[in-house]
Every structure is written in C-alpha cells, then in structure tokens.
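Peer 1: No letters, just coordinates:
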C-alpha cells in the first residue's frame, strides 16, 4: 500500500486515491480480470542425512536440494492511477548442497570437526516495469524488462580444533576457505506493448534489443576464528573470540534499464566478542559484548535511473557495538520467568549515499550526500522481551497443561540511511495455552499472536519517482494447533 497521502505519493497529484485503512489498498489493478495484485511463491526440497560411527569419529553425509519460484504483479505507486507496475514474469532458484563431515568421538584434551561443503545453484530472473503510454492515452502500455541467469559454484573446506589446556582453560581454532564463482550467463533487455488492463508479455510479443556478454566473478576468502574460554566451575563459562567472515558478492540482475554489467563486491567483517554463560541455583544469566567492523558493506538503495529498481552497492564502512543478555528464573518446578534484550550502536563510519527531499512535482528528489555517522538501516537501538511459562501436570496421567506468553519490544529504526522512511517502536504480545499427552505423542494448543493488534510494517521501500509503498504486518491472529509426534516416549 502507499506510504504517503500527499504530493510525496506522485499518484495523488494525478487524482489518484490512496488506501482508506491500514489493511486496505487502493490500487489500479482490477480484481476481476485475473490480474489481482498477488504474488505467487512455491518452495520445495528435501534433506538426506546419513551418519556412520567409528571409534575415532562420526562420519556424516548431508545432501540437500531446494527449488524456489516466484511470480506476480505489484502496483508500485500505490494509488488508483495507472502509473507504474512491477511485473515479475518468473523468478526461480534451484540449488543442490552436499556436505561431508567428520566429528571426533574420542576422549582427551583434543576434539575436532572437519569437512567440506559444496553448493551448486542456478537462478533465472525475469522482471519488468510497465507504464502507460502517457503521450497517447488509451494506447497499449509500455513494458521494459530484463532477463538474466546466474550460476553459482562454491566449495568450502573447513576444520575446527578445540584443545583443553587445563581443566579450566580451553582454546578453539577454526579455519574455513571458500572458493566461489558466479557466472552471468545471460542479461538481456526487452520491450513490449501490452493491452491496457493486462500485465506482462509472452516471449513471442517481446522485442529484445540489447544483450550483454557472459561474465564471471570469483571469490577466494580465508575465514579464521579463535576462541579462548575459561570455566572456573561447572556453573560458569567466560569466553573471548575473534573471527573474520564475508558476504558473497554478485550481480544486480536483471535490470530493465541497462545491460551494463553491474557487479557487487563481497563485504567483509571482523568480529570481536566477550561473553559469559552462568547459572546460580535457579537463575541462568547469559550475555555478550561485541564489536563488528565492516568493510565494503553492501547497502541496498533505489536506483534513480530505473525509478523502481533496488540495487546493492558497495563502498560503505561501518561499525556495530552492542551488548545482549538473557536471564531465566525458575521460580519453582512449574513456573519459569525470563527476560532478555540487546543494545546496538550501529553507524556508518564512511558512506557516500543519497539524501531524499520531497519534490513539489511529486515523489522525491535525490541528491548525493555524505551520510557518514548515520545509523545503519534495520538496526534498532534497543530490542528486548519478557516471558513466562507455566506447566501443570494433570492427575491420573491425563497429560500436561502448559501456558506460555511473550511480550517483545523493538525500538524505532530506519529503512533508508537518511531516515526518510522509518518504522516506529512497537511491542507485540503473544500467548499459547496447550495440552500434551503423557507419552508425548499428542499436542493441542490454542494460540494468539499480536494480541494487542499492533499496526506496523514488515517492509517499506522508497521510490523517488512515485513515492513509496509498504507491506503491513499481520493483525491479531488466533488459531488452534494439533500435532502428532511419531517419536514420543
């Protein structure tokens, strides 16, 4: 739905209507011609694990396959004016993973884990932007789109050694080497004329006019980890760790604007952490203090040349400092209370981005700006929860009744780096009242989520040319859950 109801939502200047309620949309896509604003997704797959135990180690083979597909149309201007529509003709990803692993079984000061992980993935993308022919009202719409295919191969051997130096001191060294390649096997642009009221175009009705050459990227990254732990007694553990990691790079595909190959480099992180795990009688207290240093951070932003295309860019350096904790109190054998939270100071050290200002002619105007010192998107300063759980056995082995409730709080955070769109702080309450059989086979539960009917968004996107749109979160929901466990006691 639309985010704004004034000139920031361009369609309003053209006489378009906006949503009349938080859970209602007011769009131009008719609901009676099979072109409802719906997004269709399918996911299927499976995992096969085989373990073999020897005197020295447990050997495991873990094989996985997954297929995901997605298609649909979305009114990006969020008004009743036919201004701009996103058309996803079909996006699909197929991946196969294979992991071979060995975990030591013997006793002694040294324990180890070693293995190798392989990923093969192929993704197809078909995405377009459809707009009316404003110069010739009533004429077919103009559709410009991009079609691309990307293949990924990744091989990562790894090993981790833990050595107990003394009964109280231990150290862990982890090593992982990732060799990954990404192949851009197609990146073509097309145009089509689409009858008013219809969306998308078949291959026969497309005119392909640009096609880039195949391209390849490769990443070879060494990721080490070092942990030192101290255990003064069986109820206390303190540790410190240093690790390095990376997030793979790739391509911004497809683009309905240009076939110029748009590459994204990997981002790198160095993480430092000090933590503790303690238990005192009926109280358990865990926590950690951490510092993350990001280089070449990948940041998603709207590409102004396309009007409604979100792309990932490198070029940012950022630091995250934080502390997190959780505490559990066993009041008695039936009642347990808990609470936890985290504080974040997440800022860009260096970032040349864009600042958006409302445009009287509609939408927003973007201008380059130094946004160093700004908060990272999607990083609330504080988040936390409180919870309670009560269990009561029924007489004559009739089962166990349990009640659980959680109240979670998430502080305000930004979607855009410059703070143009943000999400207000929210608190969510959920509860479950259930029964389980004494043998563990049967479970029945009444549950409710977002019981206070808090209204908030799960995502927002800014489009400078048209305004912005968001996806509301689910309202209060209630239900019954019935489970049969084949294992049981």
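Peer 2: That came through, no problem. Remember, it's a predicted structure, so these values are computed and weren't measured experimentally. Numbering: from 1, shown residues only.

Peer 1: packing partners for the lengthiest strand in the chain?
Peer 2: In the chain, ranked by residue count with DSSP state E as the criterion, the top strand is strand 169-194. Packing partners of strand 169-194 (3 or more C-beta pairs under 8 Å, 6 or more residues apart in numbering; DSSP states H and E): strand 141-164, strand 207-211, strand 215-233, strand 250-251. Bear in mind the C-beta positions are built from the backbone N, C-alpha and C, glycine included.

Peer 1: contacts for the last one?
Peer 2: Identification of contacts with strand 250-251 by C-beta atoms under 8 Å, 6 or more residues apart in numbering yields 148, 150, 182, 184, 187, 215, 217, 261-264.

Peer 1: helix or strand right after that strand?
Peer 2: Where DSSP states H and E defines the elements, the next helix or strand beyond strand 250-251 is strand 263-264.

Peer 1: Which other helices and strands does that next one contact?
Peer 2: strand 250-251, strand 309-330.

Peer 1: And the contacts of that strand?
Peer 2: Contacts for strand 263-264 (C-beta under 8 Å, 6+ apart): 215, 217, 249-252, 298, 312-314.

Peer 1: 10 Å instead?
Peer 2: Outside strand 263-264, the residues that touch it by C-beta atoms under 10 Å, 6 or more residues apart in numbering are 182, 184, 215, 217, 247-252, 296, 298, 311-314.

Peer 1: Next: stretch 208-217.
Peer 2: Under C-beta under 10 Å, 6+ apart, the answer for stretch 208-217 is 144-152, 180-191, 248-251, 253, 255, 258-266.

Peer 1: which of the helices and strands packed on strand 169-194 is buried the deepest?
Peer 2: Comparing the helices and strands packed on strand 169-194 by mean neighbour count (mean count of other C-beta atoms under 10 Å), strand 250-251 comes out on top with a mean of 20.

Peer 1: Mind checking the pLDDT average for that strand?
Peer 2: Here strand 250-251 scores 89 as its mean pLDDT.

Peer 1: Please name the strands paired to that strand in the sheet, noting orientation.
Peer 2: strand 263-264 (antiparallel) (DSSP bridges).

Peer 1: next helix or strand past the partner strand?
Peer 2: strand 267-280.

Peer 1: buried sites along that next one?
Peer 2: 267-269, 271, 273, 275, 277-278 (16 or more other C-beta atoms under 10 Å).

Peer 1: which of these lies closest to residue 441?
Peer 2: Residue 441 has its nearest neighbour among those in residue 277, at 33.4 Å by C-beta to C-beta.

Peer 1: residues touching the spatially closest residue to the closest one that is not a sequence neighbour, list them.
Peer 2: Of all residues not flanking residue 277 in the chain, residue 237 sits nearest, at 4.4 Å (C-beta to C-beta, 6 or more residues apart in numbering). Residues in contact with residue 237 (C-beta under 10 Å, 6+ apart) are 170, 229-231, 275-279, 286.

Peer 1: so residue 237 is in which element?
Peer 2: strand 236-247.

Peer 1: Within the sheet, what are the partner strands of that strand, with directions?
Peer 2: Counting by DSSP bridges, strand 236-247 is paired with strand 215-233 (antiparallel), strand 267-280 (antiparallel).

Peer 1: Turn these into JSON lines, columns for distance to residue 132 and mean pLDDT.
Peer 2: Listed next are the strands paired with strand 236-247 as JSON lines, based on distance: least, C-beta to C-beta, whole Å; pLDDT from 0 to 100:
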{"stretch": "strand 215-233", "distance to residue 132": "34", "mean pLDDT": "96"}
{"stretch": "strand 267-280", "distance to residue 132": "39", "mean pLDDT": "96"}
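
Peer 1: Is it possible to get CSV of those that adds distance to residue 13?
Peer 2: Converted to CSV, the strands paired with strand 236-247 look like this (distance: least, C-beta to C-beta, whole Å):
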stretch, distance to residue 13
strand 215-233, 41
strand 267-280, 39
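
Peer 1: and residue 20, which of these is closest to it?
Peer 2: Per C-beta to C-beta, nearest to residue 20 of the strands paired with strand 236-247: strand 267-280, 41.7 Å.

Peer 1: I'd like the next helix or strand past the closest one.
Peer 2: strand 283-303.

Peer 1: roughly how far is that following strand from the heart of the chain?
Peer 2: 14 Å (C-alpha atoms, centre = their mean, to the nearest Å).

Peer 1: That one packs against which elements?
Peer 2: Contact here means 3 or more C-beta pairs under 10 Å, 6 or more residues apart in numbering; DSSP states H and E; on that basis strand 283-303 packs against strand 236-247, strand 267-280, strand 309-330, strand 335-350, strand 352-358, strand 364-370, strand 457-463.

Peer 1: Kindly calculate the angle that the first one makes with strand 169-194.
Peer 2: Using axes from the mean of the first three to the mean of the last three C-alpha atoms, to 10 degrees, the interaxial angle of strand 236-247 with respect to strand 169-194 works out to 30 degrees.

Peer 1: For strand 236-247, the averaged confidence score.
Peer 2: 97.

Peer 1: repeat for the last one
Peer 2: If you average the pLDDT over strand 457-463, you get 88.

Peer 1: Same check on the fourth one?
Peer 2: In this model, strand 335-350 carries a mean pLDDT of 96.

Peer 1: Report all helices and strands that that strand contacts.
Peer 2: Using 3+ C-beta pairs under 10 Å, 6+ apart, strand 335-350 sits against strand 283-303, strand 309-330, strand 382-393, strand 400-410.

Peer 1: What is the distance between it and the centre of its chain?
Peer 2: For strand 335-350, the distance to the chain centre is 18 Å (C-alpha atoms, centre = their mean).

Peer 1: what separates stretch 477-488 from the chain centre, distance-wise?
Peer 2: For stretch 477-488, the distance to the chain centre is 27 Å (C-alpha atoms, centre = their mean).

Peer 1: so how far is residue 229 from the residue nearest to residue 164 when sequence neighbours are not counted?
Peer 2: Distances taken as C-beta to C-beta, 6+ apart put residue 109 closest to residue 164, at 4.3 Å, once the chain neighbours are dropped. Per C-beta to C-beta, to the nearest Å, residue 109 is found 13 Å from residue 229.

Peer 1: With residue 342 instead?
Peer 2: 22 Å.

Peer 1: Residue 16 against residue 9, yeah?
Peer 2: Yes - with contact defined as C-beta atoms under 10 Å, residue 16 counts as touching residue 9 (7.9 Å).
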